[in-house]
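Chemist: what follows is a predicted structure for the sequence shown.
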Amino acid sequence: MQARAGTAGLFTLSHFPSPAPPASAGRAPRRWPRPGRLTVITPTPAMQPLSVNQYLRQHIRTVPDWPAPGVQFRDITPLLQDPKVFRVLIDAFVHRYMDKALRPDVVAGLDARGFILGAVVAYELNVGFVPIRKKGKLPFTTVEETYELEYGSATVELHTDAVKAGDRVLLIDDLIATGGTMMAGKKLLEKLGATVTEGAAIVDLPELGGSQRLRDAGLPLYTLVDFAGH
């Protein structure tokens, strides 16, 4: 599975010899490599390198019938629990946005899992982070944007001093479904004069149409894992 815009890259899992088993009666003990010696291992099909996308996909948990019957919920929390997996996840974003052409001035995260990703990515890029929050959660003067849900509507807010006119902003969330939240975040940032250079997420649910809707609105996207269905 390849990233939607660009390639997340490849890595190879290291292979190490197992500890030497006890010698069987009547047989000479097996000779194992001394510490520090290079061991050449012929690759087998089971040892082929995984793409970052495949590796991350293996650590996303699918919870059936949650939060409603018929929904296949894609749970990203296992990606965060293992420090090695979390590092692979963060590096997939950081390596992309270290590129001078894509490097943002600010990272904006969408409430709430976008805060987890966005804050760490911003730290690694040495740029600022701003939260886009649900209405009523920010204490200072805000701008707001309301968007439609399947049943009803929701509103998100941003502090008026969160970004400056002309800032290049990376907008990040954990998942793109219908695209409503990310679209609202884009509009908020543009109200303050910023430019959203790209939207990023771990998971895209393309069948729900959100990613296509965002692209049609002129927002480039970078996602790591696609899941059919919802």
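Modeler: Yep, that arrived. Numbers count the residues shown, from 1 in each chain.

Chemist: next secondary structure after the longest helix anywhere in the chain?
Modeler: Longest helix of the chain, by residue count under DSSP state H: helix 83-97. Remark: after helix 83-97, the chain's next helix or strand is strand 106-110, criterion DSSP states H and E.

Chemist: may I see the buried residues of the helix or strand following that following strand?
Modeler: Next helix or strand after strand 106-110 toward the C-terminus (DSSP H and E): helix 113-125. The neighbour-count check on helix 113-125 (16 or more other C-beta atoms under 10 Å) flags 113, 114, 115, 116, 117, 118, 119, 120, 121, 122, 124, 125 as buried. In short, each C-beta sits where N, CA and C put it, glycine included.

Chemist: residue 131: which of those is nearest?
Modeler: residue 115 (5.7 Å; C-beta to C-beta).

Chemist: who touches that closest one in this structure?
Modeler: 109, 131 (C-beta atoms under 8 Å, 6 or more residues apart in numbering).

Chemist: picking that back up, quick one: which of the buried residues of helix 113-125 is nearest residue 91?
Modeler: Proximity of the buried residues of helix 113-125 to residue 91 (C-beta to C-beta) peaks at residue 124, which lies at 8.2 Å.

Chemist: surely the closest one and residue 94 touch.
Modeler: Yes. Counting by C-beta atoms under 8 Å, residue 124 touches residue 94, with 4.5 Å between them.

Chemist: which members of the buried residues of helix 113-125 are the farthest-apart pair?
Modeler: Spatial extent of those (C-beta to C-beta) is set by the pair 113 and 125 at 18.7 Å.
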